[in-house]
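Undergrad: pasting a predicted model and its sequence here:
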Amino acid sequence: MDVRAGRLRATEATPVDANSIFEIGSVTKVFTATLLTDMAEQGLVRVDDPVPRHLPDDVRVPTHGRPITLCDPATQTSGLPRLPQGSSDDRCGSATTRTRASASKTSSTRLRRRC
């Protein structure tokens, strides 16, 4: 079943399709922290695993004096840019930056104890 509706931008008539990409904003912080906590508790990953261990070999992850661990993005300490290089932020301005503190308190607290 193909469920879709709407337009890519309010100012354009381009319809949404199966290849449309959306920025989901700060909610990813909550999902990241929650899923990492659950996976770590199940023993599937360790919060101190380097991120590249879980990515394809051709993906390059920057380092800032040490490898970025799985815990770093979940606790917003990775030093990664807010958006990937080459993406535009013409809709969000600084709103996403202002919501950095909106991550799940429960997951963040549980992660800090483990990280």
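TA: Yes, it's here. Numbers count the residues shown, from 1 in each chain.
Undergrad: so after the biggest helix by length in the chain, what's the next helix or strand?
TA: Counting by DSSP state H, the longest helix found in the chain is helix 27-41. For helix 27-41, the following helix or strand on the C-terminal side (DSSP states H and E) is helix 71-74.
Undergrad: buried sites along that following helix?
TA: By neighbour count on 16 or more other CB atoms under 10 Å, the buried set for helix 71-74 is 71, 72, 73, 74. For every residue, glycine as well, the C-beta is placed using N, CA and C.
Undergrad: my read: residue 69 touches residue 45, true?
TA: No: Residue 69 is beyond contact range of residue 45, at 10.1 Å (criterion: CB atoms under 8 Å).
Undergrad: neighbour count: these two, which is higher?
TA: Higher neighbour count among residue 69 and residue 45: residue 69, with 19 against 15, using other CB atoms under 10 Å.
Undergrad: how about the more buried one: what's its closest non-neighbour residue?
TA: residue 48 (5.1 Å; CB to CB, 6 or more residues apart in numbering).
Undergrad: distance-wise, check that neighbour relative to residue 30.
TA: Distance from residue 48 to residue 30, counting by CB to CB, to the nearest Å: 21 Å.
Undergrad: how close does residue 27 sit to residue 34?
TA: Taken as CB to CB, the span from residue 27 to residue 34 is 11 Å.
Undergrad: repeat that for residue 81.
TA: Residue 81 sits 23 Å away from residue 34, going by CB to CB.
Undergrad: next: residue 45.
TA: Residue 45 sits 13 Å away from residue 34, going by CB to CB.
Undergrad: give the burial count for residue 34, as a bare number.
TA: 18.
Undergrad: residue 31 now?
TA: Residue 31 has 14 nearby residues by other CB under 10 Å.
Undergrad: output the lowest mean pLDDT helix or strand found in this structure.
TA: None of the helices or strands of the chain scores lower by mean pLDDT, DSSP states H and E than helix 95-98, at a mean of 35.
Undergrad: need the pLDDT of residue 55.
TA: You'll see residue 55 listed with a pLDDT of 91.
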